[in-house]
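Chemist: next comes the sequence, and after it the predicted model I'd like to discuss.
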Amino acid sequence: MRWLVIVLGSIFLALIVIGAIGIAFVAVRGTALDKESKAYADTAIPAIVTKWSEKELLDRASSELKQATTQQQLDEYFCRASTLGRLQKCEPAQGQALMSATTQSGKMISAQYTAKSTFEKGEASVTLGLIKHGDQWQILRFDARPSQLIPRNQHWDVERDAQPSETHPYGGFWKSSVQDEFGLAIGPAGADSYYVSFCGPGGCFAKGEYRPITKLVSDPAYRIVDSNTIEVNGKDGFTAFNRSAGRRNGLAPRR
């Protein structure tokens, strides 16, 4: 009996040692993940929100974020968020990394960080959801929530002035999908030239702000298929836009 107690005691001790080693490994690994993910967040947040750059977000975006978000949704989001103005101050991001495992997706390393930020027209909490693919951290989720509603110039004149005429036959509102309530407002910007601006429920980009003033016909960034179809070159290549009765599906433009 004594030998059995000794053997069981040895096994129990070994399990304690192995468990302690495992806990220590997880703690060290967790600390390392916290450090590297925080450094990533502290670099990514200012890069994106200083000038509200979609490119800075997309350069860091995970495949999951890109698949779940269309370019027009991103345009509309940044159009609204940019009303906060330029970044004035960004506090260090607060959060942590998390290791998890499921039977469906296996091991996953993620993190979430929030940074309190001060902008020209107010304050906001900027949140990043991160995921680690291999050795690379990427953005899984991005959100900027202002502490209060910021009044803005919604530039509804951009939508209102987007009308076809004899001198500007391609004026109008154009959508990639008829059921959308957002799309491109194309209107006159001088002789033979057009502005091309994104408009959504939150307002429009100012004339010449979203895309450069263009003549359309001779611009390689556009392909005129016919009087009711224009293809526009973007980050994913050319996308077809069709002439629409208006952003709000037949309702008069907002004033």
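Modeler: Arrived safely, thanks for sending.

Chemist: domain ranges for the chain?
Modeler: Segmentation of the chain into domains, based on automatic domain parsing, reads 2-146, 156-244.

Chemist: could you export those domains as JSON lines, including mean neighbour count and mean pLDDT?
Modeler: Every residue, glycine included, has its C-beta placed from N, CA and C. Listed next are those as JSON lines, based on neighbours: other CB atoms under 10 Å; pLDDT from 0 to 100:
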{"stretch": "domain 2-146", "mean neighbour count": "15", "mean pLDDT": "79"}
{"stretch": "domain 156-244", "mean neighbour count": "17", "mean pLDDT": "90"}
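
Chemist: show residues contacting whichever helix or strand Glu64 is part of.
Modeler: Here Glu64 is covered by helix 63-68, with elements defined by DSSP states H and E. Residues outside helix 63-68 that contact it (CB atoms under 8 Å, 6 or more residues apart in numbering) are Leu58, Ile131, His133, Gln138, Ile139, Leu140, Arg141, Phe142.

Chemist: now for those residues: which two are most distant?
Modeler: His133 and Phe142 (16.7 Å; CB to CB).

Chemist: ok so, going back, after the helix holding Glu64 comes which helix or strand?
Modeler: helix 71-81.

Chemist: which of the contacts of helix 63-68 fall within helices?
Modeler: Here DSSP state H is the test, and the contacts of helix 63-68 give Leu58 as lying in helices.

Chemist: mind putting the contacts of helix 63-68 into TSV with distance to Leu87?
Modeler: As requested, the contacts of helix 63-68 are exported to TSV (distance: CB to CB, whole Å):
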residue	distance to Leu87
Leu58	18
Ile131	24
His133	28
Gln138	22
Ile139	17
Leu140	22
Arg141	20
Phe142	15
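
Chemist: closest to Gln88 out of the contacts of helix 63-68?
Modeler: For the contacts of helix 63-68, the nearest to Gln88 is Phe142 (19.5 Å; CB to CB).

Chemist: contacting residues around that closest one?
Modeler: Per CB under 8 Å, 6+ apart, neighbours of Phe142: Ile48, Leu57, Leu65, Val126, Thr127, Leu128, Gly129.

Chemist: distance check, the last one against Leu140.
Modeler: According to CB to CB, to the nearest Å, Gly129 stands 4 Å off from Leu140.

Chemist: what touches both of the two?
Modeler: In contact with both Gly129 and Leu140: Ser110, using CB under 8 Å, 6+ apart.

Chemist: so who does the closest residue to Gly85 other than its chain neighbours touch?
Modeler: Leaving out its chain neighbours, the residue that sits closest to Gly85 by CB to CB, 6 or more residues apart in numbering is Glu120, at 2.9 Å. Applying CB under 8 Å, 6+ apart, one finds that Glu120 lies in contact with Leu84, Gly85, Arg86, Gln88.

Chemist: any idea what the residue nearest to the first one when sequence neighbours are not counted is bridged to?
Modeler: By that I understand Leu84. Once flanking residues are discounted, Leu84 sits nearest to Phe119: 3.9 Å by CB to CB, 6+ apart. Phe119 has the following beta-bridge partners by DSSP bridges: Leu87, Gly122.

Chemist: and Phe119, how close does it get to Gly129?
Modeler: In terms of CB to CB, Phe119 sits 21 Å off from Gly129.

Chemist: tell me the contacts of the closest residue to Ala221 other than its chain neighbours?
Modeler: Leaving aside its chain neighbours, Ala221 sits nearest to Asn233 (4.5 Å; criterion: CB to CB, 6+ apart). Contact partners of Asn233, counting by CB under 8 Å, 6+ apart, are Pro220, Ala221, Tyr222, Arg223.

Chemist: nice, that's everything, thank you.
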